[in-house]
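> Quick one, fold the following:
(one chain, ligands or ions: 1)
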Amino acid sequence: MGLLVLLPFFAIAIGLVSRFDRDPYSMVFLTWPLQFVCRGFFVFVPLNSKKFFIYLCPMGQKKLIRFAQIKAFPHVFEYPENMAGQWHAFFKNNHPIVLELACGRGEYTVGMAGLYPDKNFIGVDVKGNRMYIGAKKTMDAGLSNAAFLRTQIEMLGQYFAPGEVNDIWITFPDPQLRTSKAKKRLTHPRFLRLYKSILAPGGCIHLKTDSPDLYRFSLLVADMYGLTVHDKSDDIYARPNIAPELHIKTHYESLDIAGSNRIHYLQLSLPGQIADKDEELYKILRETEQSGSSVVI
Ligand SMILES: C[S@@+](CC[C@H](N)C(=O)[O-])C[C@H]1O[C@@H](n2cnc3c(N)ncnc32)[C@H](O)[C@@H]1O
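Below you'll find the model as predicted:
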């Protein structure tokens with residue numbers, strides 16, 4: 001019985017740890033501790049049945065319904081097999097393919113699919129619950145040029161053939177501020193090599209972020225690894241006449257977690273070869289962190 005009393009606390013601890021690991025950027029939400037408490041309480045009351053979770057946990061129920069519905073969406077692929085090289089066949093055209101990485105609710109996938117009917121858009125994220133929102137919107141809007149891929153971005157190479165992707169957007173990714181987590185930044189050379197393996201020649205990478213640190217880090221990487229910077233701005237909305245897609249606002253953009261009050265934008269393309277200077281990069285980051293300043297270009 002004593003163990004059963006402790007179970008809700010274990011649930012809260014496990015929930016917090018997994019959140020920290022997967023999405024530290026989101027930890028700012030003050031509502032989350034309450035959600036964990038509710039979840040822990042409802043899920044682990046001693047009835048010993050999985051259905052209990054479904055019926056008594058309001059958050060879990062919503063998620064489970066979404067997970068079930070998303071499986072029936074024809075344009076949502078969850079860890080699919082044999083999709084590399086098959087995306088044009090799926091879209092039934094030869095239009096360029098544009099990815100939105102870390103798409104969350106897929107505002108860019110939905111927005112750009114509406115703006116550019118002669119291109120295909122695929123939102124990529126690991127969280128099906130968030131992706132459901134964008135997937136439902138594209139279905140409701142009857143957009144046949146949008147799809148979603150649920151997977152880890154690290155596994156992109158399994159889902160796209162070399163040259164199958166024409167452009168990549170990275171929208172408000174977790175900035176992973178600690179140097180020890182720098183490898184998880186989506187503009188780290190580790191990811192650039194992955195993008196290189198699926199991008200068509202001349203393909204561009206677009207980064208939109210509220211994080212000045214991630215912006216400066218990406219510029220440092222561009223400089224060190226010989227990327228071409230086609231466009232850069234540390235305050236994109238201050239510029240008159242920006243492209244229509246740059247006006248699309250995402251959920252995280254509206255949260256302004258970095259508190260910078262500015263939206264940063266970069267458009268980059270990759271060099272023929274991405275050098276192995278990762279140790280050198282790590283050294284610079286570590287020295288910068290130790291000196292207490294931020295990366296300055
Ligand atoms: C800060 S949110 C931004 C979401 C959305 N782009 C927006 O602006 O509202 C970062 C997203 O990246 C996703 N993510 C982080 N690391 C990932 C990875 N390695 N693979 C797939 N998705 C990842 C998270 O699930 C989360 O939805």
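> For whichever residue of the stretch 51-200 of the chain sits closest to the ligand, list the residues it contacts.
Proximity to the ligand, evaluated over the stretch 51-200 of the chain using CB to the nearest ligand atom, is greatest for Gly104 at 2.6 Å. No exception for glycine: its C-beta is placed from N, CA and C like everyone else's. Counting by CB atoms under 8 Å, 6 or more residues apart in numbering, Gly104 makes contact with 125, 127, 130-131, 134, 171-172, 250-252.
> same deal with Asn120?
Contact analysis of Asn120 by CB under 8 Å, 6+ apart lists 87-88, 91, 93, 95-98, 145-147.
> shouldn't Asp175 be in contact with His264?
No, residue 175 isn't Asp; it's Pro. No - counting by CB atoms under 8 Å, Pro175 sits too far from His264 to count as a contact (10.7 Å).
> Give me the common contacts of those two.
209, 211, 214.
> what's in contact with stretch 277-292?
Contacts for stretch 277-292 (CB under 8 Å, 6+ apart): 178-179, 182, 189-190, 217, 220-221, 224-225, 294-295.
> Please put the alpha-carbon coordinates of that stretch into CSV.
As requested, the backbone C-alpha atoms of stretch 277-292 are provided in CSV (Å, rounded to 0.1, in the frame of the first residue of the first chain):
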residue,chain,number,x,y,z
LYS,A,277,36.2,21.0,-37.8
ASP,A,278,33.8,19.8,-35.1
GLU,A,279,36.5,19.6,-32.4
GLU,A,280,37.6,23.2,-33.2
LEU,A,281,34.0,24.3,-33.1
TYR,A,282,33.5,22.7,-29.7
LYS,A,283,36.6,24.3,-28.4
ILE,A,284,35.4,27.8,-29.4
LEU,A,285,32.0,27.1,-27.8
ARG,A,286,33.6,25.9,-24.6
GLU,A,287,36.0,28.8,-24.3
THR,A,288,33.2,31.2,-25.1
GLU,A,289,31.0,29.6,-22.4
GLN,A,290,33.8,29.7,-19.9
SER,A,291,34.5,33.3,-20.6
GLY,A,292,30.8,34.1,-19.9
